Structure formats: structure tokens, C-alpha cells
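1. give me a 3D structure for the following:
(2 chains)
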Amino acid sequence: MTARSHTIPPLCLFGLALVLSACGPAVNRYALIDERLRAGDAVRADAIVEEAQEEYGSKSQVLYRMDRGMTLHLAGRYEQSTAVLDKADQEVEQLYTRHLTTRAKAFLYNDTELPFEGAPYEQVMLNVIKALNYAIAGNLQDALVEARRVDHRLNVLADQSGDRPDAYRDDGLARYLSGILFEAAGELNDAFIAYRKAHEAYLAAHSWSRTPVPPMLRADLLRITDALHLVDEHAQYRQAFADAPWQRAEDLRQLAQVVVVSYHGRAPRKEDQFLDLPISLNALRLVLLTKSAVGPNSTAREARAAESVLYGLSGRVVRVALPRLIQRKTAVAYEEVTLAGDGATYSTQSELVQDLGALASKDFSDRFNNLAVKAVARAAIKYAAAEGLARGARVAAGRDAGPLVGLLIGALAKTLAISTEEADKRSWRTLPDEIQIARLWAPPGSYELRIRPVGKGGGQGGHQTAHPVTLRSGQTMFVTELAPQ
Amino acid sequence: MGQDCAGLDSPTTISATLRTATALALLTVLAGCGAETKVTRVDAGVVTDLSGRWNDTDSRQTAETMVKEALGTPWLDNFSRKHGGKQPVVVVGTIVNKSHEHINVQTFVTDLQRELVNSQKVTFVAGRGEREEIRQEREEQAVHAREDTQKAPGKELGADYMMKGYISTILDEADGVKAVYYQVDLELVDLESNVKAWFGQKKIKKVVERKRTVF
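-> Numbers count the residues shown, from 1 in each chain, chains lettered A, B, ... in the order given. Got it, this is the predicted structure:
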């Protein structure tokens, strides 16, 4: 009988495993998108995302819209970006209701069967990018709508987080941007609340966010409390930020402001991490042999298919798939922002306001325990189901054909169980690694706005860009910059 | 195999097979009947609350109620009495959206304008944006139109009152239940004295419930 079992065509199993392992979302498109974004070619990156909409699949349309909304934003197509991100926002809202059948399917197959709704910080970024889209287009009223929406989202998030002090329950960037927008619209009281919340959010998250309180926020708090005649609060901030330089709102009233929002690097990505657990000595040898042949961390589809077939035939290997977060840190330290006009030059440096790599890392570590428990349970259930199927088939096929049929069905079921094991690697990857903001006040007039990235070693961090700008008194102009690397 | 085929020929098996096939065909047909998109034409006045967000019904009902309220208060009679029966001239200014939603304020402004014009109790003049277009048209007429059909500048009717306002929201949400409270504040400001002649408020409260899990 053992001899006959060798007649099972391994090629067919290999083909099956290859097909099944190809069922997950293709991620090669990201290599192309990253390449274009690194080169500063957001228009082409956007075209790649658009062409890949079908590839994302029905379960990842929110992810498609997030990726697309960001590439459109970087490409300067703000209205379209807002429309796409609005749709993503609405879909995220609809995904509040969870379908038990989908959850059960995902539990038995893998987590890529779940509709992607984004991590809480990614949902917050939907509002942040939309607010920037409106602000750049000069539509402050709608930018403020996004500021109010993000406030509501963060309030709900804080309620859900309960008493966990280290949870992601507020967002420094979202609050800080809201403050800038409210101040630009002349709503100083709302601006004060937003700045104060930003300050509190940066302090609360200092243990994991890798983002200290931006020095400019100290100046903002001093300026706004002074402008609102909040004597006690102003005195407290003066005491806390004794060395912070700041200007009174009256001194800035006749000036124009340029807010440069720059994006550095790429957000982290996730990849599969397979734990192949042998449950016999022979299986252990097989796993060691396979790993030495294909490498311990091989995630190539062909290698996964070959492993699935071998482990399926062995029948004594259980595979658990878990995601692993890969950081992609930026090489840019900050940007020098200069407004050069007739006879006068005004300069400042950008400051870190959001480390999305740290946020992704926090979200990943918060979720990891649940993911691991679920993945182990799923692998055990799949293995038990495959064993049960093989035994059932052996009994049903009768005494003569039973052993062969049982072996065949068992091998097929286990190959299927192993090849369908895949971690959910989806995340909003067109976001940057870091976001920095520079605020610069200058008298009204025509200038050349120069933005020069400085590397972490102090040298050139990328190409300098220059844009002509004309500033009106009291105006706040928003500009975004994708730092090419 | 031959036995299997013979078995299929028995009347009971044929009947069972036919029943199954018919049921499957019926299911297929029924499944095909459910079109993906269904359009139903309804009266524009029908209330259609789909998402809980600000919609056409809110805009229309708020405009109707508030203008009715505005025209039913003493400022109108006071003005007529003071100006020998003359109707006040009203212009709609800025309605600021201070809510959590991207409300099309222009639709609401149009609803307000319609209600004001149709009331026949006030004279309504074009707002700032429209005026620019009309003035440009007059300028072009002065150059291109026949002299006897040209409209002269400087004959615009100055407004007595400006209607301004805010749309604000307060949101509260927990466990899938969201309470949305809209407050629309409108005021009529005397353009000469800055006196607020009328202040109106309309409140709308909606509760949107979403199930956390469904089958």
C-alpha cells in the first residue's frame, strides 16, 4: 500500500498548492509604487495603484482607497484624493457591523478573508489627509469639518481604550493640525483646545511614539493663551517652557504664514513569518531539511508551495502563519524651509510631528497576542479537520481502497490546510514613515519657497525643491512636500 | 458503473433527480432575479433617512420652518409700520458650516431663498456672489447691447436686513449608537444699525444605531 501511495502525482499537489498560495493578495505592486515614490514620481505611483484596483480584491477595497487617496494627495490631485478617502471613510463606518459568516470563514481559512478596515491610527490618517487636501485647496471650512470629525473619532477611540494609559487613544498630529487649522480660521478658542490636546497626546505617548513634543507647539501654546488672555494657563506654560521663543499673535497678524507638511520615507510593511511545527521526529527532520534547502525565512510562492506539498505528504507538520513588521526608516532628519524674497529671506526647520513607523509598531504589538492565539487555534483546527477527513474517507472507501483513499485525502487536506495558512499583511503602505511640519511667517509679497532635505548624518538628504509663492496678509498657505530619497 | 446507470433509470430516482434539478434551476432563476441596482422614483418630499447624515429633508424642513417662524414674528410688522407699508429687503449672507459633516450649505441657502421669495412678505435681493455676475452682465450690456435695452448701473436695491447663520453639531457615540444633534441658528441683522431683529433656532436630533454583529 505504501508503494501505491507513491503513485499520488506530487505535481498535481504542487500545482494545487501553488494555486492556493497565490490566492492571497499580491504585494509586488508595492515594490513598483515604492520605487516611484522614492523617485518622487507620485503621478506614476498613483497610476500603478489605480491599475491594481482589481488585484486588491473585494475584501481590501478600503485599503485600495487609502493607498489611492494618498498617492492622489502626493500627486497634487487633492479633490480626487478627498473623494476617494471619503469613500474609504464611509466604508470603514459600514464595517463596524461584523458578519459572523465572514469571521467564521476567516477563522477557518486565514485573516485575509476579513474585510480590511485599517488600524485606528490609519483611520485617523484618513481625516488628516482629507483635512490637508481641503487646506491646500484653500477650503478652510471643510478642512475644519475634518478636524471636528477627527476629534469625534479620537473621543470614541479614547472611550474604547478604557483605562489603559499606554493605549493609542489620542493623536498628536491630528490634534496639532486641527489647532493650526482653527487658528488659521480665526477660531482661537478651538485652536487652544486642539493645541492643548496635542501637547497632552505627545506627552501621553512619549514612551512608544518616538515623537517628542514639537518645539513649535510650545510657542503656539504661549501665543494662543496670550491672545485669549488666559492668564493662568499662559503663566503655567511660561513656567513649563521658559526657554521657548515665541511671538505674540498681534505681531503676526499682518504677516502671512506658510505651513509645509513633508513626508519622509515609507510606512512599515508586513511580511509572513511561518512557524512550521513538526509533531514527529521524521517531520522534524523534514522541516529541517526543507528549511536548509529553501532558507529559514523563505516567503517566495514557489518555495511555499513546495513546502506545503512536502508537509502535506508527511502529514505531521502544522503551519502557523504570523505577520512580521518591517520598518523602513527615512534617511531624512529634517528640512530647511526658506522663503526668499526681494532683499529678505526667512528660514526655519521642519519638526517631527508624527512617526508612523512607531504607530504601526505600537498597533502591531497591541494586536500580536490575539493574532498569535487565533493563528495557533486555526492551525490546530485545520490539522484536526484534515485528520478527520482522512479517517472518514478511509472508512467510507471500504477495506480495500480505504488506506489509499485515506492517505490521498489526508495528504490533500493537509496540503490545503498548510498552503492556505497566510498572515494578514495588509496595511496602508503609501503613508510615509515620518511626517514633519515647518511653520514660517513672512510679510505679504512674492517669494521663492525653497525646501532642502537634510540627512541624518547632516549631509544632503535629497534634492532641494523651489516653488514661487505669493502671500497675502493674514493668509495661511499649506504646502506638502514628498521628500525623494 | 453499469449498475449506477441502471439505477438512474428507476422511476423513483428519475423523479428525485428531476425534483433536485427543478429546485436548483428555480434557485438559479431566483438568484438571477435580484438585480444589483434598483432604482425607485419617489416624491421629492418623501423623507429618506439612509445614513443619519444631514440630507435634503433636513435642509428643506429647516428652511421652511425657520423662514415661516421669521416671517411670523413682530419685526416684519414693525418694519412695515415704520416704513409706510414697505416690504423689508433681505439678503442672505454667509451660513457657516460648523458641523462634523461636509454639508452642502448652498442647497440650504437656496432653500432659504426660495422660502423667502415665495412668502411674498419680503423683497429678496441677490447675494454677494450672484451680484458680481449680474454687474458683469450689466457692464457687458453697456458695451454690446442696444441702447434702449441696456440696464443702467446704480439702480440696485439695497438690503435692509442680512440673514446669517451657523449649522453646528454635537456628536455622542458609544457601542454603535450615535446621537447626532444639529442646531441651525439664523439671525436677521439690520444692515444700518447692526441690531439683531430676529433670532431663530432649529434643532434636529437623530439616533443612528448600528449592529455590531450580524449573521
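2. in stretch A:265-285, what counts as buried?
-> Of the residues in stretch A:265-285, A:Gly265, A:Arg266, A:Ala267, A:Pro268, A:Arg269, A:Lys270, A:Asp272, A:Phe274, A:Asp276, A:Leu277, A:Pro278, A:Ala283 count as buried by neighbour count, 16 or more other C-beta atoms under 10 Å in any protein chain shown. The C-beta positions use only the backbone N, C-alpha and C, and glycine is treated the same way.
3. what residues does chain B have near chain A?
-> Applying C-beta under 8 Å from any C-beta of the partner chain, we find that chain B lies next to chain A at B:96-102, B:169, B:171, B:173-174, B:176, B:210-215.
4. I'd like to know which of those are buried.
-> By neighbour count, with 16+ other C-beta under 10 Å, those hold B:Val96, B:Asn97, B:Lys98, B:Ser99, B:His100, B:Glu101, B:His102, B:Thr169, B:Leu171, B:Glu173 as buried.
5. just put these in a markdown table and tack on distance to B:Trp198, pLDDT and secondary structure.
-> Listed next are these as a markdown table, based on distance: C-beta to C-beta, whole Å; pLDDT from 0 to 100; DSSP: H, G, I helix; E, B strand; the rest coil:
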| residue | distance to B:Trp198 | pLDDT | secondary structure |
| --- | --- | --- | --- |
| B:Val96 | 18 | 90 | strand |
| B:Asn97 | 21 | 90 | strand |
| B:Lys98 | 20 | 90 | strand |
| B:Ser99 | 22 | 91 | coil |
| B:His100 | 27 | 91 | coil |
| B:Glu101 | 26 | 88 | coil |
| B:His102 | 28 | 88 | coil |
| B:Thr169 | 23 | 93 | strand |
| B:Leu171 | 29 | 89 | strand |
| B:Glu173 | 34 | 89 | strand |
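6. now the two most distant members of those.
-> By the measure C-beta to C-beta, B:Val96 and B:Glu173 form the most distant pair in those, at 24.0 Å.
7. low-confidence regions, the chain specifically.
-> All of this is about chain A. For chain A, applying pLDDT under 70 flags the ranges A:1-27, A:295-301, A:484-485.
8. wait, chain B was what I had in mind.
-> Scanning chain B for pLDDT under 70 picks out B:1-36.
9. around chain B, pick out the residues from the stretch 151-300 of chain A.
-> Residues of the stretch 151-300 of chain A lying near chain B (C-beta under 8 Å from any C-beta): A:His152, A:Asn155, A:Val156, A:Asp159.
10. for the residue positioned nearest the centre of chain B, what are its contacts?
-> Nearest to the mean C-alpha position of chain B, counting by C-alpha atoms, centre = their mean, stands B:Asp56 at 2.4 Å. Counting by C-beta atoms under 8 Å, 6 or more residues apart in numbering or on different chains, B:Asp56 makes contact with B:Ala44, B:Thr48, B:Thr107.
11. B:Val180 pairs with what?
-> Listed by DSSP bridges, the beta-bridge partners for B:Val180 are B:Leu171, B:Lys206.
12. roughly how far apart are it and B:Gly93?
-> The span separating B:Val180 from B:Gly93 equals 26 Å under the rule C-beta to C-beta, to the nearest Å.
13. A:Thr420 too?
-> A:Thr420 is 62 Å from B:Gly93, by C-beta to C-beta.
14. neighbour-wise, which of these two wins?
-> A:Thr420 (22 against 18; other C-beta atoms under 10 Å in any protein chain shown).
15. for that one, grab phi and psi.
-> phi -90, psi 0 (degrees, to the nearest 10).
16. doesn't A:Tyr109 make contact with it?
-> Yes. Counting by C-beta atoms under 8 Å, A:Thr420 touches A:Tyr109, with 5.5 Å between them.
17. contacting residues for A:Ser280?
-> A:Ser280 makes contact with A:Arg316, according to C-beta under 8 Å, 6+ apart.
18. go on, A:Val332?
-> Residues near A:Val332 by C-beta under 8 Å, 6+ apart: A:His264, A:Gly265, A:Glu434, A:Pro453, A:Val454, A:Gly455, A:Lys456, A:Gly461, A:Gly462, A:Ala483, A:Gln485.
19. indicate the residue of the stretch 1-150 of chain A located nearest to chain B.
-> Relative to chain B, the nearest point of the stretch 1-150 of chain A is A:Arg148 (4.6 Å; C-beta to the nearest C-beta).
20. ok now the longest helix along chain A, how far from the chain's centre?
-> For chain A, the longest helix by residue count, based on DSSP state H, is helix A:356-396. Averaging C-alpha positions (C-alpha atoms, centre = their mean, to the nearest Å) puts helix A:356-396 23 Å from its chain's average.
21. for stretch A:178-186, same thing?
-> In terms of C-alpha atoms, centre = their mean, the centre of stretch A:178-186 is found 26 Å from the chain centre.
22. got the CA positions of that stretch in PDB?
-> Taking C-alpha atoms only, stretch A:178-186 is exported to PDB below (Å, rounded to 0.1, in the frame of the first residue of the first chain):
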ATOM      1  CA  SER A 178      -6.600  70.800  13.900                       C
ATOM      2  CA  GLY A 179      -5.000  73.600  16.000                       C
ATOM      3  CA  ILE A 180      -3.200  75.100  13.000                       C
ATOM      4  CA  LEU A 181      -6.500  75.000  11.000                       C
ATOM      5  CA  PHE A 182      -8.600  76.500  13.800                       C
ATOM      6  CA  GLU A 183      -6.000  79.300  14.300                       C
ATOM      7  CA  ALA A 184      -5.900  79.900  10.500                       C
ATOM      8  CA  ALA A 185      -9.700  80.300  10.500                       C
ATOM      9  CA  GLY A 186      -9.500  82.700  13.400                       C
END
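23. just the buried positions in that stretch, please.
-> Buried residues in stretch A:178-186, counting neighbours by 16+ other C-beta under 10 Å, are found at A:Ser178, A:Gly179, A:Ile180, A:Leu181, A:Phe182, A:Glu183, A:Ala184, A:Ala185.
24. list the contacts for A:His73?
-> A:Ser81, A:Ile129, A:Leu132, A:Asn133, A:Thr480.
25. and A:Pro453, what helix or strand is that in?
-> A:Pro453 belongs to strand A:445-455 when assigned by DSSP states H and E.
26. may I have the strands that pair with whichever helix or strand comes after that strand, each with its orientation?
-> Per DSSP H and E, the first helix or strand lying C-terminal to strand A:445-455 is strand A:465-471. Applying DSSP bridges, strand A:465-471 is found paired with strand A:445-455 (antiparallel).
27. and for the strand it pairs with, what's in contact with it?
-> When contacts are defined by C-beta under 8 Å, 6+ apart, strand A:445-455 is touched by residues A:258, A:260, A:262, A:264, A:331-342, A:460-471, A:479, A:481, A:483.
28. burial count for whatever residue of the stretch 251-400 of chain A ends up closest to chain B?
-> Closest contact between the stretch 251-400 of chain A and chain B, by C-beta to the nearest C-beta, is at A:Gly398 (15.8 Å). With neighbours defined by other C-beta under 10 Å, the count for A:Gly398 comes to 9.
29. the one 4 residues further on too?
-> Around A:Gly402 there are 16 other residues, counting by other C-beta under 10 Å.
30. tell me which element it falls in.
-> Judged by DSSP H and E, A:Gly402 forms part of helix A:398-419.
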